[in-house]
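J.: how does the following fold in three dimensions:
(4 chains)
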Protein chains: 4
Amino acid sequence: MLFLSDNAAAVHPRVWAAMQAADAPDAPYDGDALSRDLDARFADLFGRDCAVLWVATGTAANCLALATMCPPHGGVVCHREAHIEVDEGGAPGFYLHGAKLMLAEGSGAKLTPDAIRAVVDPIRDDVHQVQPHAISVTQASEYGRAYRPAELAAIGALAAERKLGFHVDGARFANAVAFLGCSPAEAVGPADALSFGCVKNGGMSAEAIVFFDPALADVARYRRKRAGHLQSKGRYLAAQLIAMLDGDLWLENARAANAAAAAIGMACGERLLHPVEANEVFVRLTAAERDVLRAQGFGFYDWGTDAARFVAAWNTREDHASALAQAISSL
Amino acid sequence: MLFLSDNAAAVHPRVWAAMQAADAPDAPYDGDALSRDLDARFADLFGRDCAVLWVATGTAANCLALATMCPPHGGVVCHREAHIEVDEGGAPGFYLHGAKLMLAEGSGAKLTPDAIRAVVDPIRDDVHQVQPHAISVTQASEYGRAYRPAELAAIGALAAERKLGFHVDGARFANAVAFLGCSPAEAVGPADALSFGCVKNGGMSAEAIVFFDPALADVARYRRKRAGHLQSKGRYLAAQLIAMLDGDLWLENARAANAAAAAIGMACGERLLHPVEANEVFVRLTAAERDVLRAQGFGFYDWGTDAARFVAAWNTREDHASALAQAISSL
Amino acid sequence: MLFLSDNAAAVHPRVWAAMQAADAPDAPYDGDALSRDLDARFADLFGRDCAVLWVATGTAANCLALATMCPPHGGVVCHREAHIEVDEGGAPGFYLHGAKLMLAEGSGAKLTPDAIRAVVDPIRDDVHQVQPHAISVTQASEYGRAYRPAELAAIGALAAERKLGFHVDGARFANAVAFLGCSPAEAVGPADALSFGCVKNGGMSAEAIVFFDPALADVARYRRKRAGHLQSKGRYLAAQLIAMLDGDLWLENARAANAAAAAIGMACGERLLHPVEANEVFVRLTAAERDVLRAQGFGFYDWGTDAARFVAAWNTREDHASALAQAISSL
Amino acid sequence: MLFLSDNAAAVHPRVWAAMQAADAPDAPYDGDALSRDLDARFADLFGRDCAVLWVATGTAANCLALATMCPPHGGVVCHREAHIEVDEGGAPGFYLHGAKLMLAEGSGAKLTPDAIRAVVDPIRDDVHQVQPHAISVTQASEYGRAYRPAELAAIGALAAERKLGFHVDGARFANAVAFLGCSPAEAVGPADALSFGCVKNGGMSAEAIVFFDPALADVARYRRKRAGHLQSKGRYLAAQLIAMLDGDLWLENARAANAAAAAIGMACGERLLHPVEANEVFVRLTAAERDVLRAQGFGFYDWGTDAARFVAAWNTREDHASALAQAISSL
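T.: Numbering: from 1, shown residues only, chains lettered A, B, ... in the order given. Model prediction:
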């Protein structure tokens, strides 16, 4: 009964089917019919013009998006615990040619306008200090918290006021939308670009960078090739993304994962470190308690010394989730 | 009847099967059993220790390999028509942080020790000029020519003498080995690293970087993550590579493609721009002649103004190849 | 009566004289007799082999030194208020190709082994997190605090244990040595490289990078040229550095500046934010008090909202310093 | 009697005087009165608005200028023998973050619209190939040839048509203007930026980047700091540049150097490899002949195996030049 991560879960059967249906010959790179269909499909989803590029990983998606908004001598404001800061092996430094991540605080790994101002306001407007050029938030956050539409609007307003780009890392965007019950457009707010996750949600090897400003996409296309991320059989990536959108599979999968996490979270009571709003559950557990759970066959990661993280995936079985909930309750 | 490229051909059924067999949960990134098996599998193939990393594209493979051999202030000697110079969107400049490609001449896009010396010998040994740190050759070359083992040995000897790294771009390594009929070890020579192609040979989205010097691989692992090329469901990439090695599928596929190319080449006589040693055929054809062929249903790329390139893939049908051969003969 | 900074003070007459004596023709770049003499002169100073490169700025010195110790995918531990983090316009990101500064805490902008461990120990040893490769400390620190020899030895021991490079930013190294009264070797500790400041101490446009590991210097020479810092009339830079060493002018100037700062500091009592150990005085002063001082003709920078910074230079007049001391006492 | 290079000649007395006059305290970096005067002084010179930054070297000037015109994924067209390609240690790769130099041919190291088209026209407009973003020419060229105003206008027209930036490396701009007898504006043509040389023309350590598009300068200011080229005592650099402009010292010095070169060139007849239009003379001379000259006390560099280069400086003595002319005539 594994709750280690959603990032290694099996590929959804409808994704497999779509990939196999793409086996017929077509143009290489992103010249195939499926890749060419992405802009329209995501425009439908978000209700506005989009330019969409597939890439293999969220790290590439985040960094290619940010590289269109921030020059090498600039900075990107993000949370101190943002994935781009903590878990991408320094990829922003590589893709942005040495630009700086400017670290803000915020409960639940979420930024607020005040937290952003606390970072950017003290920066002197002179050449001795790196100037901010963009903001990046994660929806849902690294602690499974969802930004409400009004929160994103407020951050977007600040970005506009300060002439900063606005990027949303949506590795678990589906989980956030499923939780919020709002439209995808509301859940991304006035962002310039979104890393739209698929791999953690039943995909195999495709993420989408959704640019709401087509001029950014024009630059990103060159950067994607330059980063070795323009795969020649791109239709197999486009197929994964389209399979996700077809019949709202992306939301169906996210709802299943969220439901499993919610069931676990319900059992945790005071142990919960963060409200459960997506598919991750952070739980205060002593080492001895973790041993007990592992002895019962539950797999999960420690989170620091006094807690654990449980992640549900699209295919987490209900009986596994309730077994875990039961086990935690019984501690 | 498409002879456009091998880079968009369908995925081989045995590769599909291996990928689907990998659907069971396993550790993320390259911690799964298949990824961990790659070193041993390639060590068997080459008869010496290997450290092997999967990546999604040949561009990433080439550039990650070269980045381990050449510092940002150095240079890499390659052919003027090398893929890394002509067709990778400047990726070497990105991955090597501004290092320089030093362009050598050579018939059939092949380098020789003399051609390399002609580039490096005039370089003054001072800080005003970029110093060479590595050599990169393509096996088979961009014109479908295969380096003989003795040729690679001679280049390797020069590399050793000058303390230069030695990289082989093997996007079509299988085709070269199939043509040469030698061992994989002989076909790669005394290289430090090989980009082992799979996508053009019936794979979907996996190439291998085979390091013969494990210390280089240790650096490349960090660089791969930093480039956003460490996929979380890496087992689906490892599965493709292992499927290729199982039962020598890689050679079976390459032999099929080579045979189709050879059949076409036989029909071209004096029109051939280069001897056919792999799966590409470069043919002198006027615009009018190309129109005739296209009118008969053949798809291919122009090669400059007076020639065309035909590429056979693992699944090129024999009747298509002979139809093309017939059509060219009849011009 | 200016106490704004030592970084714009006049050039010392003996530096002028040495520059003018260098006017005779000699080899360009660093091939002249003065430049070639630097290794020996600094070896005398530090009592061990040195390889010394001049550059125009402390930013270039710091970043060229660090670039020899830390690969693009690595990190450098420094204080949160280190000059390289706060005041160099992102130069480390540029010179180190996107490597990361890892920010440690510490009173008086000084690092301790514990503070360094607090940063590096939580870093997981995997490719998802940037790994530390070097430590950089500032002697004297950004708050004018001097590291004692034992403190440097302890940091050096930690660096050795963790296989980290060790760099000292010595923009005000002379002030630290003058304060400590120890040998230059003791004041730099077991560092691999030192940015030896000259501009703030009566020079015009030359700083020295002193490498105690000659292999690092060999790389830095290429990087200096590549950064456009290899001036063709390098003898005028070497002349400045040698003028500083001749007759210990560097210490004479630093002692003068330190004495002026000490005199001011003595008058500040409880107002002092940091003990005065070099030529900078950080003083708690209200806006109204600062107005009073400015009305009396004193020039200085605000330091946040409730304090001010006063910097003495080699040529700060004693009567100016005592006038300031008097004025602060009278507030 | 040294004809090695102009790059290590003594500093002109009027430059010395101006530097010493700058010794009074003023604002640091480029906030001093002299630095703030540069825009107006160069605007007078060129008859149009300018934004001017000093830097220490021509390499920094060239690369900072180009970095404002070409993104990391782009390319800069220059001559195969351009200084930025051959003699700057890979600095363009560093400053432009891996952008590519695209090498064109041309007699006398001069570009023509046709030569530029021959490079850029074959580039496919797709992401697989690096796209050109700028053109860089050298005035006077690396072989001492001056572009005529009409030639620059034609290149500028092509740049405008193709939306390419246009940079002029004017390390020896003074020599070109002195030779052409035209206005500085005509000698720079419709360029976006000029590296205005001073060091080779009697300066010590200052070159100017003259931006004719102020938006480019705004970016370059951040990049200059980030490259460690913002010196804190910038007034000593500004003083050099202003000394050059005062009373047209820059042209006086260049005329003297050109006259000496012309005198030597006159003696060379058929031996001349290039017409003498600036202060460099390239002369066909056998090894034996070079030995003869060196035995007579002449210092100069070999140029390949069958030629030599003689460079005159602002302070080359007439009797030395005529002695050399005599000696060559007598061979």
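
J.: quick one: pLDDT of A:Ala115?
T.: In this model, A:Ala115 is scored at 98, pLDDT.

J.: please identify which helix or strand holds it.
T.: Element membership of A:Ala115, judged by DSSP states H and E, is helix A:113-120.

J.: check which helices and strands that helix sits against.
T.: strand A:74-79, strand A:100-104, strand A:131-138, helix A:149-161 (3 or more CB pairs under 8 Å, 6 or more residues apart in numbering or on different chains; DSSP states H and E). For the C-beta atoms, the positions are set from N, CA and C on the backbone; glycine is no exception.

J.: ok, stretch A:190-205 near chain C or not?
T.: No. If you take CB under 8 Å from any CB of the partner chain as the test, stretch A:190-205 misses chain C, and the best it gets is 15.1 Å.

J.: average pLDDT for that stretch?
T.: In the prediction, stretch A:190-205 has an average pLDDT of 98.

J.: that stretch and chain B, are they touching?
T.: Yes. In terms of CB under 8 Å from any CB, part of stretch A:190-205 sits within range of chain B, namely A:199-200, A:204-205.

J.: let me know the closest of the residues you listed to B:Pro184.
T.: Of all the residues of stretch A:190-205 next to chain B, A:Ser205 has the smallest distance to B:Pro184: 27.0 Å, by CB to CB.

J.: so that closest one sits against A:Gln240, correct?
T.: Yes. Judged on CB atoms under 8 Å, A:Ser205 makes contact with A:Gln240 at a distance of 7.1 Å.

J.: who touches the residue in the stretch 51-200 of chain A that chain D sits nearest to in this structure?
T.: Using CB to the nearest CB, A:Val127 is the residue of the stretch 51-200 of chain A that sits closest to chain D, at 4.0 Å. By CB atoms under 8 Å, 6 or more residues apart in numbering or on different chains, the contact set of A:Val127 is C:89, D:221-222, D:224-226, D:230.

J.: from the residues you listed, which land in strands?
T.: With strands defined by DSSP state E, no entry of the contacts of A:Val127 lies inside them.

J.: closest one to A:Leu152 out of those, please.
T.: Looking across the contacts of A:Val127 and measuring by CB to CB, the closest to A:Leu152 is D:Tyr222, at 29.5 Å.

J.: how about the nearest residue to the closest one, chain neighbours excluded?
T.: Distances taken as CB to CB, 6 or more residues apart in numbering or on different chains place A:His73 nearest to D:Tyr222, at 4.5 Å, with adjacent residues excluded.

J.: centroid-nearest residue for chain A?
T.: By CA atoms, centre = their mean, the mean C-alpha position of chain A lies nearest to A:Ala171, the distance being 1.7 Å.

J.: against A:Ala61, how distant is it?
T.: 8 Å (CB to CB, to the nearest Å).

J.: can you pull the residues that touch both of these two?
T.: Common neighbours of A:Ala171 and A:Ala61 (CB under 8 Å, 6+ apart) are A:195, A:207.

J.: rewinding a little: closest one to chain C among the helices and strands packed on helix A:113-120?
T.: Among those, strand A:100-104 comes nearest to chain C, with 5.6 Å by CB to the nearest CB.

J.: can you tell if that closest one touches chain D?
T.: No. Strand A:100-104 stays out of contact with chain D when judged by CB under 8 Å from any CB, the minimum separation being 10.6 Å.

J.: flag every residue of the stretch 101-250 of chain A that's near chain B.
T.: Counting by CB under 8 Å from any CB, the residues of the stretch 101-250 of chain A that sit close to chain B are A:199-200, A:204-205, A:222, A:225-233, A:235-237.

J.: rerun that using 10 Å as the cut-off
T.: A:171, A:199-200, A:203-207, A:221-237 (CB under 10 Å from any CB of the partner chain).

J.: okay, and which of those residues map to helices?
T.: A:221-226, A:235-237 (DSSP state H).

J.: need those residues in TSV (columns: neighbour count and pLDDT).
T.: Below are these laid out as TSV (neighbours: other CB atoms under 10 Å in any protein chain shown; pLDDT from 0 to 100):
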residue	neighbour count	pLDDT
A:Arg221	20	98
A:Tyr222	22	98
A:Arg223	25	98
A:Arg224	26	98
A:Lys225	26	98
A:Arg226	28	98
A:Arg235	31	98
A:Tyr236	22	98
A:Leu237	32	98
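
J.: what's the farthest-apart pair in these?
T.: A:Tyr222 and A:Tyr236 (22.3 Å).

J.: for the closest residue to chain B within the stretch 101-250 of chain A, what are its contacts?
T.: Relative to chain B, the nearest point of the stretch 101-250 of chain A is A:Gly228 (3.1 Å; CB to the nearest CB). Neighbouring residues of A:Gly228 by CB atoms under 10 Å, 6 or more residues apart in numbering or on different chains: A:56, A:60, B:55-64, B:88-89, B:91, B:94-95, B:207, B:227-229.

J.: what segments of chain A are strands?
T.: Ranges of strands within chain A are A:51-55, A:74-79, A:100-104, A:131-138, A:165-170, A:193-196, A:207-211, A:280-284, A:301-303, A:307-311, based on DSSP E.

J.: pick the most buried one from those strands.
T.: strand A:193-196 (a mean of 30; mean count of other CB atoms under 10 Å in any protein chain shown).

J.: I'd like the residues of stretch A:190-205 next to chain B as TSV, with distance to chain D appended.
T.: Shown next, in TSV, are those (distance: CB to the nearest CB, whole Å):
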residue	distance to chain D
A:Val199	23
A:Lys200	28
A:Met204	24
A:Ser205	20
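
J.: take these and lay them out in CSV including neighbour count.
T.: Shown next, in CSV, are the residues of stretch A:190-205 next to chain B (neighbours: other CB atoms under 10 Å in any protein chain shown):
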residue, neighbour count
A:Val199, 23
A:Lys200, 27
A:Met204, 28
A:Ser205, 26
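
J.: distance to C:Ala288 for those residues - can I get that in a markdown table?
T.: Output for these, formatted as a markdown table (distance: CB to CB, whole Å):
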| residue | distance to C:Ala288 |
| --- | --- |
| A:Val199 | 60 |
| A:Lys200 | 57 |
| A:Met204 | 67 |
| A:Ser205 | 64 |
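
J.: from those residues, which is closest to A:Cys182?
T.: A:Lys200 (20.3 Å).

J.: follow-up on the earlier one: and the helices and strands packed on helix A:113-120: which comes nearest B:Leu216?
T.: strand A:100-104 (28.6 Å).

J.: by how many degrees do the closest one and strand A:131-138 diverge?
T.: Calculated by axes from the mean of the first three to the mean of the last three CA atoms, to 10 degrees, strand A:100-104 forms an angle of 60 degrees with strand A:131-138.

J.: hmm, strand A:100-104 touching chain C?
T.: Yes. Using CB under 10 Å from any CB, strand A:100-104 reaches chain C at A:100-101, A:103.

J.: residues contacting the residue of the stretch 101-250 of chain A found nearest chain C?
T.: Closest approach of the stretch 101-250 of chain A to chain C (CB to the nearest CB) occurs at A:Val130, with a separation of 4.3 Å. By CB under 10 Å, 6+ apart, the contact set of A:Val130 is A:70, A:73-76, A:98-100, A:102, A:123, C:85-86, C:88-91, C:93, D:222, D:225-226.

J.: cool, and A:Leu285?
T.: A:268, A:271, A:291-293, A:300, A:302-303, A:306-308, A:310, A:328, A:331.

J.: for those, give me a markdown table that also has distance to D:Ala278 and pLDDT.
T.: As requested, those are exported to a markdown table (distance: CB to CB, whole Å; pLDDT from 0 to 100):
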| residue | distance to D:Ala278 | pLDDT |
| --- | --- | --- |
| A:Cys268 | 80 | 96 |
| A:Arg271 | 80 | 97 |
| A:Asp291 | 81 | 97 |
| A:Val292 | 84 | 97 |
| A:Leu293 | 80 | 97 |
| A:Phe300 | 74 | 96 |
| A:Asp302 | 71 | 96 |
| A:Trp303 | 69 | 95 |
| A:Asp306 | 74 | 95 |
| A:Ala307 | 72 | 97 |
| A:Ala308 | 74 | 97 |
| A:Phe310 | 74 | 98 |
| A:Ile328 | 82 | 97 |
| A:Leu331 | 85 | 92 |
